[in-house]
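Chemist: Kindly return the folded structure for what I paste below:
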Amino acid sequence: MITPHAAQFDPHGAFLPDEFDPAMTLTDDLKVVTLRDHVERVVRDYFEALDGEVPSDVYELILQEIELPLLTVVLEKTRGNQSKSAQILGLNRGTLRKKLKKYHLMA
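Modeler: Model prediction:
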């Protein structure tokens, strides 16, 4: 939790919490927005765009939409090192390999 007394400011005057959480971003009006907030907004927008239609398999759809870019970015950051990627993701290397095969990300 970010408290006012824990606040810092970067050289450009942007608010920074004492405990940096990469899942948080700041809006122009210095409102903290979490990764969860972003995902919730996108899911709400998705349902709104359906205009009353009832979707199916939404859980799997959302997981795929999040998992593929997550795996892609982590692999890029580790230059394809699967052991490092698995460690960053908190996955067993075998589980990571299954996911990479699922999304055709195996080299």
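Chemist: buried stuff in stretch 70-90?
Modeler: Residues of stretch 70-90 classed as buried under the neighbour-count rule (16 or more other Cβ atoms under 10 Å) are Leu71, Val74, Leu75, Thr78, Gln82, Ser85, Ala86, Leu89. C-betas here are computed from N, CA, C, even on glycine.
Chemist: What does the pLDDT read for the last one?
Modeler: Per-residue pLDDT puts Leu89 at 97.
Chemist: residue contacts, the nearest residue to it once chain neighbours are set aside?
Modeler: Counting by Cβ to Cβ, 6 or more residues apart in numbering, Val74 is the residue found nearest to Leu89 once chain neighbours are left out, at 5.9 Å. For Val74, the set of contacting residues under the criterion of Cβ atoms under 8 Å, 6 or more residues apart in numbering consists of Ser85, Ile88, Leu89.
Chemist: My read is that the last one contacts Leu100, right?
Modeler: I take that to be Leu89. No - the pair formed by Leu89 and Leu100 falls short of the contact definition of Cβ atoms under 8 Å, at 11.0 Å.
Chemist: Show me the shaky parts of the chain.
Modeler: Using pLDDT under 70 as the threshold, the predicted model of the chain has low-confidence ranges 1-28, 30, 107.
Chemist: shared neighbours, Leu89 and Leu100?
Modeler: Common neighbours of Leu89 and Leu100 (Cβ under 8 Å, 6+ apart) are Leu71.
Chemist: wait, which of the contacts of Val74 is closest to Pro55?
Modeler: Looking at the contacts of Val74 and their distance to Pro55, the nearest is Leu89, at 27.4 Å (Cβ to Cβ).
Chemist: one step back: what helix or strand does the residue nearest to Leu89 sit in?
Modeler: If you go by DSSP states H and E, Val74 is part of helix 58-77.
Chemist: and if you look at Arg36?
Modeler: Using DSSP H and E, Arg36 sits in helix 35-49.
Chemist: ditto for Val33
Modeler: Once you assign secondary structure using DSSP H and E, Val33 falls within strand 32-34.
Chemist: Each with direction, which strands does that strand pair with?
Modeler: Strand 32-34 pairs in its sheet with strand 24-26 (antiparallel), by DSSP bridges.
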